[in-house]
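Asks: Here's a sequence, model it:
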Amino acid sequence: MPLVDIQLIEGVFDKAQKQEMIAKVTEAMVEIEGEAMRGVTWVRVHEVASGEWGIGGKGITADDVRAIQRNGGA
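Replies: Numbering: from 1, shown residues only. As a prediction, the model looks like this:
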């Protein structure tokens, strides 16, 4: 039984987007191992509070992520 953890900064993705992640990750497992994997694939979404996720020694907030998204990842 696969268990897939997705970690996100809280407030970046809405509920529908998180549900889409769960569905698509499950589908990826099914594509790799077959339909029998659908019912036994667990996907957990963990949200880390904004500012409690660090990159390069700096806390990253949901606003920082949104700014990166607006700038095309730059």
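Asks: Doesn't residue 18 belong to a helix?
Replies: Yes: under DSSP: H, G, I helix; E, B strand; the rest coil, residue 18 sits within a helix.
Asks: contacting residues for it?
Replies: 8, 45 (Cβ atoms under 8 Å, 6 or more residues apart in numbering). Quick note: C-beta positions are derived from backbone N, CA and C, even for glycine.
Asks: roughly how far apart are it and residue 35?
Replies: 24 Å (Cβ to Cβ, to the nearest Å).
Asks: can you tell me the distance between the two ends of stretch 42-55?
Replies: Start-to-end span of stretch 42-55 (Cα to Cα, to the nearest Å) is 28 Å.
Asks: mind showing which ranges of this structure have poor pLDDT?
Replies: 73-74 (pLDDT under 70).
Asks: Now do the same contact list for the closest residue to residue 3 other than its chain neighbours.
Replies: Leaving aside its sequence neighbours, residue 3 sits nearest to residue 42 (Cβ to Cβ, 6 or more residues apart in numbering; 4.6 Å). With contact taken as Cβ under 8 Å, 6+ apart, residue 42 is in contact with 1-4.
Asks: Mind doing that once more with 10 Å?
Replies: 1-5, 22, 25-26, 29 (Cβ atoms under 10 Å, 6 or more residues apart in numbering).
Asks: Kindly report the same for residue 59.
Replies: Contacts of residue 59 by Cβ under 10 Å, 6+ apart are 49-53.
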